[in-house]
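Q: Pasting the sequence and the predicted coordinates here, then a few questions.
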Amino acid sequence: MTGPILVHDPLTLAIAALVGAAVGSFLNVCVMRWPVRMSVFAPPSRCVQCERRIRWFENLPLLGYLLVRGRCTGCGVALSLQYPVVEAVAALVWAGMTARWGLEWEALRGSLFLTILLGVAIADARTYTIPDQFSLGGAAIGIALAPLAGGPEARDAVLGAALGLGLLWVVAELGRLALGRDAMGGGDVKMMAMAGAFLGPWGVVVTLFAGSLLGALIYGPVSLRSGRPVPFGIFLALGAAIAYNWGAALAAWYGGLLGM
């Protein structure tokens, strides 16, 4: 992967942020509908309380939420903060990737990858599920973009997807045998195929290490006290984001410790 380009043109970054906010708006729809097997295209967006159809200006990314003051104009029910927060985060992601890589394929690849990871984390936090559209669909996108962008080569993208899928499947099976029950969902396993497609084999290793460490430190105590399962997809997504941004440096550092 080539070094950063560091674009500072305000207009370029503003356009990237607007695109990201629009993608974030669509991501909200995906997160709400894919886990319950609904189409993201029909029916049109409606209020969850009174089922009034959302008007076009109310669907404007970020601005729509401000225009209605965070409430349905029909029944007055408060709208979830998830909507503007996801749109804002996606806007920052797309602007940040454009600032880092410029108008190159890697900016698109990185933006899509981090957006998919955001969707994975939210879906797993809400429903303990990771829709196949994020995992398997994301893996297909990662492999398709590999020849065009500055990430892993196409061969490494395929190897990374296979390694991510296979390695986490083995971990899940060992956990099931040790505990006598499922220790990890199939969505987590397939999600690692997506991460491997974008990151390559070394990225899979960094993702699993970082995700496991974060999951144990952040949610492990909560799970022990409450008995609730760990939404591992959240921490795998965080680990994959770390691997994308700092994976090469971490792998080099670890390889140096091992004398590789």
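A: Yep, it's here. All values reported here derive from a predicted model rather than from experimental measurement.
Q: Just confirm Leu13 is within a helix.
A: Yes: counting by DSSP: H, G, I helix; E, B strand; the rest coil, Leu13 is part of a helix.
Q: Just give me the neighbour total for it.
A: By the criterion of other C-beta atoms under 10 Å, Leu13 has 16 neighbours. In this view, the C-beta of every residue, glycine as well, is placed from N, C-alpha and C.
Q: Identify the residue spatially nearest to it, adjacent ones excluded.
A: In this structure, Leu13 finds its nearest non-sequential neighbour in Ala95, 4.8 Å apart by C-beta to C-beta, 6 or more residues apart in numbering.
Q: so what's the one you found up against?
A: Contacts of Ala95 were listed using C-beta atoms under 8 Å, 6 or more residues apart in numbering, and they are 13-14, 16-17, 20.
Q: now with 10 Å?
A: 7, 12-21, 107, 111 (C-beta atoms under 10 Å, 6 or more residues apart in numbering).
Q: Of these, which pair is most distant in space?
A: Val7 and Ala21 (18.2 Å; C-beta to C-beta).
Q: For these two, indicate the residue with more neighbours.
A: For Val7 versus Ala21, neighbours defined as other C-beta under 10 Å are more numerous around Ala21 (23 against 19).
Q: where does this structure have its least confident helix or strand?
A: Lowest on mean pLDDT, DSSP states H and E among the helices and strands of the chain sits helix 220-226, with a mean of 68.
Q: immediately after that helix, which helix or strand?
A: helix 232-257 (DSSP states H and E).
Q: now the helices: where do they sit in this structure?
A: 10-33, 63-67, 82-101, 105-127, 132-145, 154-179, 186-214, 220-226, 232-257 (DSSP state H).
Q: Now do the contacts for Gly203.
A: 151-152, 156-157, 160, 163-164, 195-197, 239-240, 242-244, 247-248, 250-251.
Q: ok, now Ala91?
A: 14, 16-25, 61-62.
Q: change it to 7 Å
A: 17, 20-21, 24 (C-beta atoms under 7 Å, 6 or more residues apart in numbering).
Q: same question, Arg126
A: Contacts of Arg126 by C-beta under 7 Å, 6+ apart are Val31.
Q: again, but for Leu217
A: Shown in contact with Leu217 (C-beta under 7 Å, 6+ apart): no residues.
Q: Okay, it and Arg228: tell me how far apart.
A: 16 Å (C-beta to C-beta, to the nearest Å).
Q: For the stretch 101-250 of the chain, give me the ranges with low pLDDT.
A: 179-183, 223-224, 226-227 (pLDDT under 70).
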